[in-house]
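Chemist: turn this into a structure:
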Amino acid sequence: MKPRTVRRVAAAATAAILGVTLAACTGSSDSSADKVTITVAGPNQWNSDPSSFGPEWEAQVARFEELEPDIDVETTVLPLSSFSDTLATQLSAGTAPELVFNQAPHQPYMVHSLNDYLAAPNPYVEGNEAWIDVFNPDLFGPNNPVTYNTEGNNEFIPFNVFIPVIYYNAEIFEEVGVEAPIETWADLVSASEKLKAAGYTPFAADNAPQGLMWTLEVIADQLVTHAVYDTLNVFDAKGEPGTNNALTSKDWARGVLTGEVKATEIPQLRESLELLKQFYTDFATPNWSGVTGTGAAVINQADFVSGKAAMAWGSSFGYSTVQSEADFTVSAMPFPTITSETTEYADGINARYGASIYGTAYVIPANIEGPKLDAAVKFLQYMTAPDKASEWLADTGSLSALNDAAVPENLQAFTGSDWLQPRQLGGAAIYPPEGTDGQDLYGGYLLGTKDTDQMLADLQASWEQVAAQNVKKGGWTEDWAQG
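Modeler: Numbers count the residues shown, from 1 in each chain. A predicted model of the protein is given here:
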């Protein structure tokens, strides 16, 4: 599938959305030659439409264009299965468009550092003295290590934060006698048996890496964290000596390269992999590896909204889309907690994911300069100005990375729960090297072509490769990084 660049909101539609006249949208610009066009390129996180991020996005773009009539914003929707390769190639070649989804593999030099911009005022926020001050520092700032790249710089801006949830069909639950929320892994086993006996698939799944990785992240955080956290936690969020509330990529690189942690010697990690395999063997869509992922709003959305599957992973900001396509009321719950009833390695950590700024976040490629760079920065500033972003955030059911953010209605049930607490294990524990994805690393194991011993050996090799990549990207010069 080729990416499609769209200009879905025409001038008349813009006027209708904004309740203003067409003349008001033309502002002071007398000629299209005065306009700067910027392109936002990334995967569709809200729906399965290959040509649009949805009406909420287009309305937000229209509001920006009305305020900034000399800037046109276009959107290139990239397939979920190939956006990473496409954008990585463009970033490496210096041909990427003005705003690129930040999860595409890249080196720090390939994108602009935003440090100076964040230290200056956001012009869309009255009285603001430093753009960085509009953000919740626990989400985007010194208290969260993923705020910074391996060089310790800010390179992306989060439009929202990501929280995966388990969407479920309450009507099916009632029909088969499953009580929501499903509290523990043992309860999930029991619920799945009832669902399968009634002819339903417990969990919708597909061959995109998102659902797989969310599952493993939550399982491993519960079982592995206490086994490695105190040993590895020696750097702060910017990579300086200290500690942090979550393990950083530098923590993991040092631990792997010094031999302090080895995948083959952590029984809690072995157990995490075996529970992941049980999930895909006993709970997931039977032919999940042959189901092509079409979007991250809901994993295998087709099976879930059609009523074939009772549950599905999905993004918090995909709620409005999935509810509009389902003919039943969509409810949400956290992933179940793993207890001692299931494994001796249950360690008292409840299931949690936390709000991740790896939701909808964008970088500006280093090849963008002049008026296009200025326009791209303006769009990032607009998307993170509280008064300008509030309508889009509410319409998409998104939680914001800004200070004093309102909790959207679809997440109210999670307020105060452990599910919103941050994981501490760190992504470097389970994520594969750049250029590969979760299916490449774990797919064979889940399909039975390798056993757990081989999977752990492969994971150790993955850790070593990830560590080497991060040392190179970060330019780390400590003795342990030179071996």
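
Chemist: need the helix or strand of the protein with the lowest average pLDDT.
Modeler: helix 11-18 (a mean of 33; mean pLDDT, DSSP states H and E).

Chemist: run through the residues that contact the closest residue to residue 272 other than its chain neighbours.
Modeler: The shortest distance from residue 272 to any non-neighbouring residue, by C-beta to C-beta, 6 or more residues apart in numbering, is to residue 220 (4.3 Å). Heads up, the C-betas are built off the backbone N, CA and C, glycines and all. The contact partners of residue 220, by C-beta atoms under 8 Å, 6 or more residues apart in numbering, come to 269, 272, 425, 429, 430.

Chemist: so how far is the helix or strand harbouring residue 220 off the chain centroid?
Modeler: Here residue 220 sits within helix 209-232, counting by DSSP states H and E. Offset of helix 209-232 from its chain centre (C-alpha atoms, centre = their mean, to the nearest Å): 16 Å.

Chemist: so what does the helix or strand just after it touch, helix or strand wise?
Modeler: Next along the chain after helix 209-232, taking DSSP H and E as the criterion, comes helix 249-257. Judged by 3 or more C-beta pairs under 8 Å, 6 or more residues apart in numbering; DSSP states H and E, helix 249-257 is in contact with helix 209-232, helix 452-474.

Chemist: any chance you could list what contacts the following helix or strand past helix 249-257?
Modeler: Once the chain leaves helix 249-257, the next helix or strand it forms, by DSSP H and E, is helix 267-278. Contact with helix 267-278 is made by 185, 212, 215-216, 219-220, 223-224, 227, 263, 338, 342-343, 345, 347, 442, 445-446, 452, 455-456, 459, as judged by C-beta under 8 Å, 6+ apart.

Chemist: of those residues, buried ones?
Modeler: By neighbour count, with 16 or more other C-beta atoms under 10 Å, those hold 185, 212, 215-216, 219-220, 223-224, 227, 263, 338, 342-343, 345, 442, 445-446, 455-456, 459 as buried.

Chemist: so where's the stretch 1-150 of the chain uncertain?
Modeler: Applying pLDDT under 70 to the stretch 1-150 of the chain picks out residues 1-33.

Chemist: how does it look with 80?
Modeler: The model of the stretch 1-150 of the chain has pLDDT under 80 over residues 1-33, 47-48, 81, 143, 145.

Chemist: tell me where it has strands.
Modeler: Applying DSSP state E, counting those that start in this stretch to the stretch 1-150 of the chain gives strands spanning 4-6, 36-43, 71-78, 99-101.

Chemist: in CSV: the ones you listed, plus distance to residue 301 and mean neighbour count.
Modeler: Shown next, in CSV, are those (distance: least, C-beta to C-beta, whole Å; neighbours: other C-beta atoms under 10 Å):
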stretch, distance to residue 301, mean neighbour count
strand 4-6, 20, 15
strand 36-43, 14, 20
strand 71-78, 16, 21
strand 99-101, 20, 25
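
Chemist: to residue 434, which of the ones you listed lies closest?
Modeler: Closest approach to residue 434 among the strands of the stretch 1-150 of the chain (C-beta to C-beta): strand 99-101, 14.5 Å.

Chemist: list the pairing partners of the closest one within its sheet, with orientation.
Modeler: strand 36-43 (parallel), strand 361-363 (antiparallel) (DSSP bridges).

Chemist: could you give the mean pLDDT of the last one?
Modeler: Averaged across strand 361-363, the pLDDT comes to 97.
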